[in-house]
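**Student:** quick one: sequence plus predicted model below, questions after.
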Amino acid sequence: MDTTAKGRLIAGSHNRNEFVLINADEIGRVTSVKELSGQICQICGDEIEITVDGEPFVACNECAFPVCRPCYEYERREGNQACPQCKTRYKRIKGSPRVDGDEEEEGFDDLDNEFDYTGNERRDPHNVAEAMLSNRLNYGRGAQTNASGVTTPSEMDSSSLNPDIPLLTYGQEDDAISADKHALIIPPFMSRAKRVHPMPFTDSSMSLPPRPMDPKKDLAVYGYGTVAWKERMEEWKKRQNDKLQVVKHQGEDGGNNDGNELDDPDLPKMDEGRQPLSRKLPIPSSKINPYRMVILLRLAVLGLFFHYRILHPVNDAYGLWLTSIICEIWFAVSWIFDQFPKWSPIVRETYLDRLSLRYEKEGKPSELAPIDVFVSTVDPLKEPPLITANTVLSILAVDYPVDKVACYVSDDGAAMLTFEGLSETSEFARKWVPFCKKFNIEPRAPEWYFAEKVDYLKDKVHPTFVRERRAMKREYEEFKIRINGLVAMAQKVPEEGWTMQDGTPWPGNNVRDHPGMIQVFLGHNGVLDIEGNELPRLVYVSREKRPGFEHHKKAGAMNALVRVSAVISNAPYLLNVDCDHYINNSKALRESMCFMMDPTSGKKICYVQFPQRFDGIDRHDRYSNRNVVFFDINMKGLDGIQGPIYVGTGCVFRRQALYGYDAPTKKKPPGKTCNCWPKWCCCCFGSRKKTKKGKTKEKKKTSKSREASTQIHALENIEEGIEGIESDKTSLMPQIKFEKKFGQSPVFIASTLLEEGGIPPGATSASLLKEAIHVISCGYEDKTDWGKEVGWIYGSVTEDILTGFKMHCHGWRSVYCIPKRAAFKGSAPINLSDRLNQVLRWALGSVEIFFSRHCPIWYGYGCGLKPLERFSYINSVVYPWTSLPLIVYCTLPAICLLTGKFIVPEISNYASIVFISLFVSIAATSVLEMQWGGVGIDDWWRNEQFWVIGGASSHFFALIQGLLKVLAGVNTAFTVTSKGGDDGEFSELYLFKWTSLLIPPLTLLIMNMIGVVVGVADAINNGYESWGPLFGRLFFSIWVIVHLYPFLKGMMGKQDKLPTIIVVWAILLSSILSLLWVRINPFLSKSGIVLEICGLDCE
């Protein structure tokens, strides 16, 4: 797209008919241009006539939606008789004929025009239909210009066509056209649907005369096809067959192939370039086979364990015994759902050199696929602009062709601070990007690059590197000062709201009521870097928000970015990152393309997920922020089934998969049948019959899942590089079906048909920006499949799980990519309260999914989701429920110590063997997982500890909040109050904030500590025989205390001199020693109490 709008903020509201260009140039001149403000008909593009009173013609008195009189009369006569915008029924206006349903008017007489139907034929319905899409795509290109300066496409005169031009019929014949010519038949459309731009056809059975097509005009005017497409298709198929024959018989013809033929881009590359771009590396059998054997043994031991536990109740503590049995059964089922998806883990390896050999030829433009990168942010005071700026800079400096990268920043808070920060970032990028590419530095986020404590002179032989690095560091420090100055200024909002540098009021002053805004900061024909090279496109987007509309938080913002990017750049692949996750490996995009662009397996991949890695976490990772067990064990296991789940960031998507299309299916080769037996032979006949029945069922299933109409090969599908792709989308659905699915934007719908991306040829910057404003309007998604089947799925705060789940249900598979150098790095909350609130949000999303129709327990059967993949999704939405048995089970040891009861009867030798076998199998499973997953014992133990801490706090509160929200409609929020903090490295780690999430684990901790003290005191008082049963109770109670130890450490904050563990043991030991002192008090006589005379005379 020609980014001639550099330096302009485009703001507008489609529903309110606003489209404003705010110039913010160096002069400070303000130019406000309102386009389409009532002077141009929004249906046909013609000028709206002036009435005899000198006022513009107004069709709807409710919203004044601009419609000319011919379209108004046609809509009343043939359409749904309602305004396209507000859906109010059109009233009869003086000068227009009466139609059925009109009320009796008492204000005027208009007998001359009331029953005049002849004049209405002056507007050909086909001209109205023809103008719809062309007015969207050819804004500013036609030969007619109206008084407002808005250019509309000229109408086509069929008599001026060249008689030698072959026309197109799509297989339909017409007597009016000679046998050697064809014409374009416009497919009929339904007219009763409610849409902003209704198609002006009365009925689907309405027969329309053929319309000739001028090849000199833009094809978008006609909607479909191209001239002589049949001949092109036949020529392409013949050329492809010839090339395949050349490759197949290259060793038989003596190597006399034409060099130009072999150099054709359609020809598969030879040698290294023809090899796969990636490969699977299964876990060695020496590691995985013992692991699987231990899982099976653990399953068998678990059966023996429950057999003993159920058949040996504790009569004197039946309630405690029954409660423990129920909890243990739940834990066993939860373990099965978590364990078996890790049955066949794999890792993957990519070949970046092969990718370059295949798609980057020397001296030729790169053939790598374009990628649109999405960055989402909301509140710049909670998500600092400097962090967002570093993320954007790492994207702009990525090792990828600049013309193939576009960065879209979603500001869902409409904050002027974010806008100004992005403006400063675009200026600094002109210096930072060439510096990164010149010296090939890593990482390419300046904050983290300059913070690295490494010898930057190592392996740097360029003589100017040291000088330029020092100069760049000074530039970055000045850049930080400017950003921090903006942040300081934004702390106090002026009463009249923010104003831009040119004096224009900031459109987003009201966060909940503002128009959509788009600003193109950098682009292909925009600002160049300091060395004169192009920069990737950088676009600021803030979607429209109005009261009364549901905006769906992050998922809605991401869907708005999907539509905006489809209109402006339409790359076939999308990368989404959070604003605090920068690109740590500049080749991350190439890593993902090794999977997506692999000609053998890439077509079925919906997304490539990278693991999350974090900076700024303490060495011990006290609260398991790195989540290493999940990313290095669970996700590798899922990659061996159908692929990892989507975790919300660091993921490269295939755009077509986000549009809700099914994954391409491979046609199975015909089964081998023998000709040696007669047809009546039972074996052969039976197999043929079975195959025939199976094919019939498959056809029925396909016909139910997809609706097909007349096959139309559009120009985009037979161009070089896309030719021959058989897609369900080439069998186009009726127009009304597309609008029901994608919304009422002809430009966006046209972009969805381009599997390889790209924008319609000849579309102007102004027309695309106007359409981009339209697709981010607050009401665009109404009555469409957005959030249901298309884009990010709504219905949960964890939209990532739902989105990935829907894609897997459509038969797609995902890929887990772990480069040697981490692809992305981000920041994580490292103090206890913030970490618990983060886990609370995730768990609440799982509870919402559990109660929704998309719950994997009952949704998606009979589709492409594999059983073990379903196990993983079930585990991801059920785990908050584990908090109930976990809290109860952690309470049982304290109750047992306080009451002297126990959940297990006297243990026999058989029971001892079963219990020991269970503990050994649990330990062996964990050790083998750490071995093949490459996880350290510290990371595994921290994960176990925080599973108990999070389950006893965040998961429990999420369950309560989810139940209140779903069953009672009550939204609850947990407030966090700051109590104080310390300065220094990892100071946030020691920051204590009180929150109600701390109550349950704190209660469990105190109960078990009291239970230990009371249990030991009781054993001391009762003598030697009571110590044996005490050890069993003490073991479980200390197990709880040890798992809650990081929680206790967070509660106590920073201890400069006294470690927390000493404090804990000091309390326990002092309590025990005090009891011992009471028991063996040397000042008391062993023979009894000694009575002494006090020496007072009581008488």
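**Tutor:** Nice, thanks for sending it over.

**Student:** dump stretch 660-667 to CSV, keeping only the CA atoms.
**Tutor:** Provided in CSV are the C-alpha atoms of stretch 660-667 (Å, rounded to 0.1, in the frame of the first residue of the first chain):
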residue,chain,number,x,y,z
GLY,A,660,-12.5,-20.5,10.5
TYR,A,661,-11.7,-22.6,7.5
ASP,A,662,-11.1,-26.3,7.8
ALA,A,663,-7.7,-27.8,7.3
PRO,A,664,-6.9,-29.2,3.9
THR,A,665,-7.4,-32.9,3.7
LYS,A,666,-5.3,-35.3,1.7
LYS,A,667,-7.2,-37.5,-0.7
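
**Student:** list the buried residues in that stretch.
**Tutor:** Across stretch 660-667, burial judged by 16 or more other Cβ atoms under 10 Å covers 660, 661, 662, 663. All C-beta spots, glycine's among them, are computed from the backbone N, C-alpha and C.

**Student:** stretch 881-899 now?
**Tutor:** Under the neighbour-count criterion of 16+ other Cβ under 10 Å, stretch 881-899 has 881-887, 889-897 buried.

**Student:** list the contacts of that stretch.
**Tutor:** Contacts to stretch 881-899, defined as Cβ atoms under 8 Å, 6 or more residues apart in numbering, come from residues 317, 320, 323-324, 326-328, 330-331, 334, 850, 901-903, 948, 951-952, 955-956, 958-959, 1000, 1004, 1007-1008, 1010-1012, 1014-1015, 1033-1034, 1036-1037, 1039-1040.

**Student:** for PyMOL, what selects the buried ones among these?
**Tutor:** A single PyMOL command selects the buried members of the contacts of stretch 881-899 (16+ other Cβ under 10 Å):
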select buried, resi 317+320+323+324+327+328+330+334+850+901+902+903+948+951+952+955+956+958+959+1000+1004+1007+1008+1011+1012+1014+1015+1033+1034+1036+1037+1040
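
**Student:** mind checking which of the contacts of stretch 881-899 land in strands?
**Tutor:** Among the contacts of stretch 881-899, DSSP state E puts none in strands.

**Student:** circling back to that earlier point, of all the buried residues of stretch 881-899, which two lie farthest apart?
**Tutor:** The span of the buried residues of stretch 881-899, defined through Cβ to Cβ, is set by 881 and 897 at 27.3 Å.

**Student:** what's the span of stretch 364-376, first residue to last?
**Tutor:** End-to-end distance for stretch 364-376, by Cα to Cα, to the nearest Å: 35 Å.

**Student:** can you check stretch 609-618 too?
**Tutor:** 25 Å.

**Student:** for residue 297, what are its contacts?
**Tutor:** By Cβ under 8 Å, 6+ apart, residue 297 lies in contact with residue 921.

**Student:** how about it, secondary structure?
**Tutor:** Classification of residue 297 by DSSP: H, G, I helix; E, B strand; the rest coil places it in helix.

**Student:** quick one on the thing from earlier: in strands, which of the buried residues of stretch 881-899 fall?
**Tutor:** Using DSSP E, none of the buried residues of stretch 881-899 sit in strands.

**Student:** let me know the closest of these to residue 555.
**Tutor:** Closest to residue 555, out of all of the buried residues of stretch 881-899 and judged by Cβ to Cβ, is residue 881, at 24.0 Å.

**Student:** quick one: that closest one and residue 859, what's the gap?
**Tutor:** 18 Å (Cβ to Cβ, to the nearest Å).

**Student:** so what's residue 348 bridging to?
**Tutor:** Note on residue 348: beta-bridge partners residue 280, judged by DSSP bridges.

**Student:** does it touch residue 816 like I think?
**Tutor:** Yes: applying Cβ atoms under 8 Å, one finds residue 348 in contact with residue 816, separated by 6.9 Å.

**Student:** those two: which is more packed in?
**Tutor:** residue 816 (23 against 19; other Cβ atoms under 10 Å).

**Student:** coming back round to it: which one of the buried residues of stretch 660-667 is nearest residue 548?
**Tutor:** Once Cβ to Cβ is applied, the member of those that ends up nearest residue 548 is residue 660, at 27.0 Å.

**Student:** what's the spacing between residue 517 and residue 413?
**Tutor:** 12 Å.

**Student:** any residues in contact with both of those two?
**Tutor:** In contact with both residue 517 and residue 413: residue 508, using Cβ under 8 Å, 6+ apart.

**Student:** what about residue 739, how many neighbours?
**Tutor:** For residue 739, using other Cβ under 10 Å, the count is 24.

**Student:** what helix or strand is it on?
**Tutor:** Per DSSP states H and E, residue 739 falls inside helix 735-742.

**Student:** elements contacting that helix?
**Tutor:** helix 746-752 (3 or more Cβ pairs under 8 Å, 6 or more residues apart in numbering; DSSP states H and E).

**Student:** packing partners of the helix it packs on?
**Tutor:** helix 125-137, helix 553-568, helix 735-742, helix 765-775.

**Student:** export the ones you listed to JSON lines and tack on distance to residue 614 and mean pLDDT?
**Tutor:** Formatted as JSON lines, those follow (distance: least, Cβ to Cβ, whole Å; pLDDT from 0 to 100):
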{"stretch": "helix 125-137", "distance to residue 614": "45", "mean pLDDT": "43"}
{"stretch": "helix 553-568", "distance to residue 614": "20", "mean pLDDT": "92"}
{"stretch": "helix 735-742", "distance to residue 614": "37", "mean pLDDT": "82"}
{"stretch": "helix 765-775", "distance to residue 614": "34", "mean pLDDT": "85"}
